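Student: structure of the sequence below:
(2 chains)
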Amino acid sequence: MTKIYGSHGKILRVNLSLGKIDSEAIPISILESYIGGRGLGAYYLAKEVQPNANAFSRENKLIFMNGPLSGTLIPGNNKICVTFKSPLTNSYSYSLCGGHIGPELKFAGYDGLIIDGKSEIPVYLWIDDKSIELRDAQEIWGSFIPETEALVRNDLSGDQSIQMAVIGPSGENLNKYACITSSLFREFGRGGAGAVMGSKNLKAIAIRGSKDVIVANPKKVKELSELLSENIRNSNGGRIRRQYGTAELVEKINSRGFFVTRNFTSGYFKEGEKLEGPKMRESLVFGDSSCFMCPIACGKRTALTLPGGEELIMEGPEFETIGSLGSNCGISDWPTLLKATSICDKYGMDTMNAGFCVSLAMECFEKNLIGLEETNGIELNFGNGKALVDILELIGKREGIGDVLAEGTKNAAEKFNAPELAMESKGQSLAVYDPRGAKAMALSYATSPKGAHHMVATTFGAEIGMGNRFKLENKAMLQRNHQFSMCIVDSIGICSTMRAGIPLIQQVEAYSAVTGFEADVSVMNLIAERIINLERLYNVKNGFSRKDDTLPKRFMDEEIPEGESKGEKVNLEFLLDEFYKVMGWDDNGIPSESKIDELALTDFL
Amino acid sequence: MVQKVLVFEPNKCIGCRLCEQWCSFSHFEVTNPSKSCIHITRNHEVQLDLATYCHQCTKAPCILSCKFDALSRDEKTGAIIVDNEKCVGCRACIQDCPFAAPVMHPEERIVLICDLCGGNPQCVSHCPEFAIQYLEVGKADRIYRSIYLEKMTNLMKKLRGGNYND
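Tutor: So this is what the prediction gives:
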């Protein structure tokens, strides 16, 4: 047998219905064709979970996959991807988590972990190298995220080196956007992976590993490690992220007038200055925090004593949270924002979808579409910090209006008879970039397989750089290229931030040195295209097509009223036409037969 | 030659664990935190990363604890050297180390103790934050002194409520 490097060529399977635990080889040809991480996730989900499966059924799987670079010396190799059928979007979904959990699974000897079935009673999974068991979690069920980690750790002799992925009450009560949390502040955030885990009665996964990660060309990997670490650390992007974390983007986006403001009724938040990176650094930050093998440390350690005396210590909030729970809800003060973030963190729900559920309710309240009867007596005006905090607690507990909002923006808006006010696509809330102010972002949101998502292609930076962010022309190709480059980092297993100092050509060099596979940029792009088309095909088989590649009507009909993107709207149909053309998809957004053939995906038809 | 030792400053550590992986890679050509002689452990609740590592004690308790004569001192660097032939993996040195530094090799019954990479510790040369340094023993104490002084300053600040005019 050919020796496999970087990856182990091995996955762990856990069937919770039967309590069955097996390990299984990954064929080398599959590793070569799908790389790892997001790519392997696509392969296994498409192969094993019917596209029309109910997300909360036993058939649905949580497919955790590392990339080949995970656990090596290559900087930023900490991203592990979970792929699953999403309860929020009823579509294909994947979500990536940083921190230390992915590499720990790698050190336990597995590239991936596939969980299916449903346990009779709440359990947690304990992976201690080869010794793996399901343990009773009935006493832990119901606990918040930090308590869950502490209780599981306590049950495992308190070993602080154990890495964990856990769900909180939101995962248990099937909040559609519940996340899986690792190390308290790193999440598989989007799409409701936490709810899928909850539906399987799986409270936590604890991992401790002591196996080697072996690379094909140690000398080359050593050299690249040193070079790439230096490059990313000294890059402009790396330096700024170190200083201010992702919060650096507040100024960049708001000053250009495409920062979510009050449920996208505007693209410019007047009080936004208070939320900028330097302000955050000055008033909250006491240290910097890294994920595994990352020399940047974009994580910001923050502390604040609230007016009532409560002390909050956390990592973040990140940019998307600052926007979703902040400007999006008209909030501009750190104590409210930190409190709101901490509530999402303890219940284990995505701050972005949560923020957009609250902003939807706020707009409905201000437009008298819902009243105090529906809001549990809470005056839900934009800018009311106490209301934000109270509503989030209700969502966590699924009480009153919180029960409605835990179903996601789309479902909640239908309940409020205001579907056009839900800022979502395929049921997933948008991120904080207003697509009217950076047009290619409209394609990221509309064509992502997992519903509105900024991380399938973060084109806004390039659009700012090229000075053509309002133009519609040439955005389809830009979108395509960015989707490819994102798919590559998501599959080899490095953080997308590494792109700031490690260009694709060096990523490929690292991939080859680690795996021993010969590859170049065109090979990697072809694999990325294969993965993206497979994700697309999965949704197509479930009835998705152009009709689902949508944006909220607001972006097509209403101009941004103020700021540097004033007067802008989106022509989504034009963008979709162009994008489908460059992707080799038909007018209805379906991959053509020749494309499927070219990408060796005919088996999946 | 004046002996040099490792000194770690918690406030500088970002928890990236580059030191661990370089330690295992430079000794075994693999990455594996369990084969590293330095370990970074994060306490999430208080957002703190702490290192456990060999402090190169003068009257090394590990050497004193070894009944099999497996541990000795490198003449050049003063690092603890493990004789793999003699080591039986009894873990007495692990129990006696005041800093929980020695670790068991995950596959073989031998102990791993920092050898200072022969005088060029890889954890030090790859720490992006200079959180771990390799200093002459008489200068290493100054780092501890300043850590202590910072602690005292913060304490006094708290006691005085930040008002220095009192």
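
Student: and the lengthiest helix in chain A, what does it pack against?
Tutor: For chain A, the helix with the greatest residue count under DSSP state H is helix A:521-541. Helix A:521-541 sits against helix A:28-34, helix A:37-48, strand A:92-97, helix A:475-492, helix A:504-515, helix A:593-598, with contacts defined as 3 or more CB pairs under 8 Å, 6 or more residues apart in numbering or on different chains; DSSP states H and E. Backbone N, C-alpha and C define where each C-beta goes, glycine included.

Student: mean pLDDT and mean neighbour count for those - can I get that in TSV?
Tutor: Shown next, in TSV, are those (pLDDT from 0 to 100; neighbours: other CB atoms under 10 Å in any protein chain shown):
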stretch	mean pLDDT	mean neighbour count
helix A:28-34	96	16
helix A:37-48	98	25
strand A:92-97	98	28
helix A:475-492	98	23
helix A:504-515	98	22
helix A:593-598	95	14
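
Student: among the ones you listed, which is nearest chain B?
Tutor: Ranking the helices and strands packed on helix A:521-541 by their distance to chain B (criterion: CB to the nearest CB) puts helix A:504-515 first, at 10.5 Å.

Student: what about the helices and strands packed on helix A:521-541, which gets the closest to residue A:324?
Tutor: Distances from residue A:324 to each of these were compared by CB to CB, and the smallest falls on strand A:92-97, at 15.9 Å.

Student: list the helices and strands the closest one packs on?
Tutor: Using 3+ CB pairs under 8 Å, 6+ apart as the contact criterion, the elements in contact with strand A:92-97 are helix A:37-48, strand A:80-85, strand A:180-182, strand A:186-188, helix A:521-541.

Student: name the residues that touch the next helix or strand after it?
Tutor: Toward the C-terminal end, the helix or strand that comes next after strand A:92-97 (DSSP states H and E) is helix A:101-107. Contact with helix A:101-107 is made by A:8, A:64, A:66, A:70-71, A:77-80, A:111-113, A:127, A:162-165, A:182-183, A:186, A:207-211, A:213, A:292-293, A:493, B:32-34, as judged by CB atoms under 8 Å, 6 or more residues apart in numbering or on different chains.

Student: for stretch A:528-543, same thing?
Tutor: Taking contacts as CB under 8 Å, 6+ apart, the residues outside stretch A:528-543 that touch it are A:33-35, A:38-39, A:42-43, A:45-46, A:51-52, A:90-92, A:94, A:449, A:483-485, A:487-488, A:491, A:548, A:583, A:585, A:589-591, A:595-596, A:599-601, A:604-605.

Student: how far does stretch A:441-448 sit from the chain's center?
Tutor: On the basis of CA atoms, centre = their mean, to the nearest Å, stretch A:441-448 is displaced by 15 Å from the centre of the chain it belongs to.

Student: what's that stretch in contact with?
Tutor: Counting contacts by CB under 8 Å, 6+ apart, the residues touching stretch A:441-448 from outside are A:425-426, A:428, A:430-431, A:433-435, A:452-454, A:456-460, A:463, A:475-476, A:479, A:482-483, A:549-551, A:555, A:570, A:572, A:575-576, A:579, A:589.

Student: what's the residue closest to the geometric middle of chain B?
Tutor: With distances taken as CA atoms, centre = their mean, residue B:53 lies nearest the centre of chain B, 2.0 Å away.

Student: please list all residues in contact with the residue nearest to it when sequence neighbours are not counted.
Tutor: Among residues not flanking residue B:53 along the chain, residue B:38 sits closest, at 4.3 Å (CB to CB, 6 or more residues apart in numbering or on different chains). Under the criterion of CB under 8 Å, 6+ apart, the neighbours of residue B:38 are B:6, B:19-20, B:23, B:51-53, B:114, B:123, B:132.

Student: just these: which are in strands?
Tutor: In strands, judged by DSSP state E, the following of those are found: B:6, B:51-52, B:132.

Student: name the residues of chain B found near chain A, please.
Tutor: Listed as neighbours of chain A in chain B under the rule CB under 8 Å from any CB of the partner chain: B:11, B:14-18, B:21-22, B:25, B:28-35, B:39, B:41-47, B:49, B:106, B:126, B:128-129.

Student: filter those residues down to the ones in strands?
Tutor: B:39, B:41-43, B:49.

Student: check contacts around the closest residue to residue A:482 other than its chain neighbours.
Tutor: Using CB to CB, 6+ apart and skipping the chain neighbours, the partner closest in space to residue A:482 is residue A:457 (3.7 Å). Contacts were defined as CB under 8 Å, 6+ apart; by that measure residue A:457 touches A:440, A:443-444, A:479, A:482-483, A:486.

Student: go on, residue A:260?
Tutor: The contact partners of residue A:260, by CB under 8 Å, 6+ apart, come to A:267, A:323-324, A:327-328, A:423, A:430-434.

Student: need these in a markdown table with neighbour count, can you?
Tutor: Output for the contacts of residue A:260, formatted as a markdown table (neighbours: other CB atoms under 10 Å in any protein chain shown):
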| residue | neighbour count |
| --- | --- |
| A:267 | 28 |
| A:323 | 31 |
| A:324 | 31 |
| A:327 | 30 |
| A:328 | 29 |
| A:423 | 29 |
| A:430 | 31 |
| A:431 | 24 |
| A:432 | 26 |
| A:433 | 26 |
| A:434 | 30 |
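
Student: how about residues contacting stretch B:137-154?
Tutor: B:2-5, B:7, B:9-11, B:56, B:133, B:135.

Student: switch the cut-off to 7 Å
Tutor: Residues external to stretch B:137-154 that are found in contact with it (CB atoms under 7 Å, 6 or more residues apart in numbering or on different chains): B:2-5, B:7, B:9.

Student: the stretch 101-250 of chain A: strands as residue ranges?
Tutor: Using DSSP state E, counting those that start in this stretch, the strands of the stretch 101-250 of chain A run over A:112-116, A:123-128, A:131-136, A:163-166, A:180-182, A:186-188, A:202-208.

Student: what angle do strand A:123-128 and the last one make with each other?
Tutor: What separates the directions of strand A:202-208 and strand A:123-128 is an angle of 10 degrees, with axes from the mean of the first three to the mean of the last three CA atoms, to 10 degrees.

Student: next one: stretch B:119-137 to chain centre, how far?
Tutor: 10 Å.

Student: end to end on it, go ahead and measure it.
Tutor: Stretch B:119-137 has an end-to-end distance of 14 Å (criterion: CA to CA, to the nearest Å).

Student: what residues does residue A:370 make contact with?
Tutor: A:361, A:364, A:416.

Student: how about a cut-off of 8 Å?
Tutor: So, once contact is read as CB under 8 Å, 6+ apart, residue A:370 ends up touching A:361, A:364, A:380, A:401, A:416.
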